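> sharing a sequence plus its predicted fold:
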Amino acid sequence: MNPEDHGVCHRMRTPEDIRRRPPYGTQGYSPTAVKELVVISQPWGHTPYHFIVECLPKLMILTEELAAYPDLKIHVPLSLDTLQSAEGAMIEEYLSVLGIDSSRLVFGEVYFAERVYWVTPTRCVIPPTTLALIAREEIRQRVKRLDDWEELEDLEEEERFAIQVLEQSLRYRAKEPVILLVQRSGRTRRLSQDVDKMIRSAVLDIGGRLIEYDAGLGLSPRTVLRLFGCADAVIAPHGAGLANLISSRPGVHVLEFHPSSPSHESSGMPGLNLCALHLSRVLGLHYTGALMHPVRETEGTTGAADSGGGEATAWTVEESVVETWLRSLNAVGSGSVPVGS
């Protein structure tokens, strides 16, 4: 498949068309025959946000068929024709939350099928509204509620700490809002140490409970969806991880920081991206966007350094923005929502 297609695998072709136009990178064609096939692929669908928000919800229209026909294959978007990759693992893990085994997944350009379930592609960045709402409820049902957990033996070791912290924090849920701070410890869009301290202090000032989640920690999708699903509010620099808002209950507040200089080497972005805004509107979340600005921090006080001679780039935000947002959050009484609602 042409890498420039970025996961475009949803073109319908006749056998004659295939013979006239062989797949990219081949001398001929070698179509694979399957009995039934559902196509959820669309542009950029191999990346986390676009898969979770735009592709995965399409399966909600076929839950009965997926249960009734075990041979029904699912065509997933991959930029490389293999599941043995980071994007392949991401797709497998998120589909496993819905109980879909990786043996049902197919990929690549050419397939013959007796029956094709064709779910209309959506516009890039825009979730399929009705299906996204259904997907949220399905995910929230499948991801165990915190007060229903029994034993942790089946969990990976690196997940235990985050879950134990979360369980401890949620004991105070009836009185205090639970706020999830998403951090990025890599080279791009990492909040400065001063911003981290400021947010912790501001949350304490309103009587809230702060849960800090590092997007680079490698927690499983199931655990990350639990974290987002139990938060009253989410604070995060822009990143694909905000796609996990799909497990958030209605009414959750979101504060997203956007780079003021998208062209900056530590931004990792081609320009302003409002993916989380569109998702929040569909899911009924209260979205606020704010700008963050690049600063330099001395190497040794951060988790990542670039080539700047002992310094690393981080991002800072205005303290008044965070404080005003937190005060408005506290005023609406988000902490009064029962656990698991």
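Perfect, thanks for sending it.

> where does this protein have low pLDDT?
1-31, 80-84, 109-110, 144-175, 268, 270-271, 298-311, 330-341 (pLDDT under 70).

> can you show me the strands along it?
32-39, 73-75, 105-106, 111-118, 178-183, 209-214, 233-237, 253-259, 286-298, 311-316 (DSSP state E).

> chain center to the third one: distance?
By that I understand strand 105-106. Averaged C-alpha coordinates place strand 105-106 at 21 Å from its chain's average position (C-alpha atoms, centre = their mean, to the nearest Å).

> partners of that strand in the sheet?
strand 73-75 (parallel) (DSSP bridges).

> same deal with the fourth one?
The strands beside strand 111-118 in its sheet (DSSP bridges) come out as strand 32-39 (parallel).

> which of the strands of the chain is buried the deepest?
Sort the strands of the chain by mean neighbour count, taking mean count of other C-beta atoms under 10 Å, and strand 233-237 sits at the top with a mean of 26. C-beta coordinates here come from the backbone N, C-alpha and C atoms, glycine included.

> residues touching that one, excluding its own?
177-182, 184, 189-191, 199, 228, 242, 245, 248, 252-257, 292, 315, 322, 329, 334 (C-beta atoms under 8 Å, 6 or more residues apart in numbering).

> about what we covered before: any chance of the strands of the chain in CSV, with distance to residue 128 too?
Below are the strands of the chain laid out as CSV (distance: least, C-beta to C-beta, whole Å):
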stretch, distance to residue 128
strand 32-39, 14
strand 73-75, 16
strand 105-106, 20
strand 111-118, 14
strand 178-183, 25
strand 209-214, 27
strand 233-237, 22
strand 253-259, 20
strand 286-298, 19
strand 311-316, 32
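
> of all these, which lies closest to residue 224?
Closest of the strands of the chain to residue 224 is strand 209-214, at 7.4 Å (criterion: C-beta to C-beta).

> the closest one - contacts with which helices or strands?
Packing partners of strand 209-214 (3 or more C-beta pairs under 8 Å, 6 or more residues apart in numbering; DSSP states H and E): helix 157-170, strand 178-183, helix 193-205, helix 221-230.

> on that earlier part again, select, out of the strands of the chain, the one closest to residue 98.
Among the strands of the chain, the nearest to residue 98 by C-beta to C-beta is strand 73-75 (10.5 Å).

> so what touches the closest one?
For strand 73-75, the surrounding residues in contact (C-beta under 8 Å, 6+ apart) are 9-10, 34, 36-41, 59, 95, 100, 104-107, 111, 113.

> how far off centre is that strand?
21 Å.

> same question for stretch 283-291.
With C-alpha atoms, centre = their mean, you get 15 Å for stretch 283-291.

> could you do stretch 136-143 as well?
On C-alpha atoms, centre = their mean, the centre of stretch 136-143 falls 15 Å from the chain's centre.

> swap in stretch 318-333?
25 Å.

> show residues contacting that stretch.
Contacts for stretch 318-333 (C-beta under 8 Å, 6+ apart): 177, 179, 198-199, 202-203, 205-208, 232-233, 235, 253, 255, 288, 290.

> rerun that using 7 Å as the cut-off
When contacts are defined by C-beta atoms under 7 Å, 6 or more residues apart in numbering, stretch 318-333 is touched by residues 177, 198-199, 202-203, 206, 233, 253, 255, 288, 290.

> give the buried residues for that stretch.
Buried residues in stretch 318-333, counted by 16 or more other C-beta atoms under 10 Å: 322-323, 325-326, 329-330.

> send me that stretch as PDB with only the CA atoms.
Only the C-alpha atoms of stretch 318-333 are listed here, as PDB (Å, rounded to 0.1, in the frame of the first residue of the first chain):
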ATOM      1  CA  GLU A 318      -0.400  31.600  32.400                       C
ATOM      2  CA  GLU A 319      -1.300  30.800  36.000                       C
ATOM      3  CA  SER A 320      -4.400  32.900  35.800                       C
ATOM      4  CA  VAL A 321      -5.800  30.700  33.000                       C
ATOM      5  CA  VAL A 322      -5.500  27.600  35.200                       C
ATOM      6  CA  GLU A 323      -6.800  29.200  38.300                       C
ATOM      7  CA  THR A 324      -9.800  30.800  36.600                       C
ATOM      8  CA  TRP A 325     -10.700  27.500  35.000                       C
ATOM      9  CA  LEU A 326     -10.400  25.500  38.300                       C
ATOM     10  CA  ARG A 327     -12.500  28.000  40.100                       C
ATOM     11  CA  SER A 328     -15.300  27.700  37.600                       C
ATOM     12  CA  LEU A 329     -15.000  23.900  37.800                       C
ATOM     13  CA  ASN A 330     -15.400  24.100  41.600                       C
ATOM     14  CA  ALA A 331     -18.300  26.400  41.300                       C
ATOM     15  CA  VAL A 332     -20.400  23.900  39.300                       C
ATOM     16  CA  GLY A 333     -19.800  21.200  41.900                       C
END
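
> with that, I have no additional questions.
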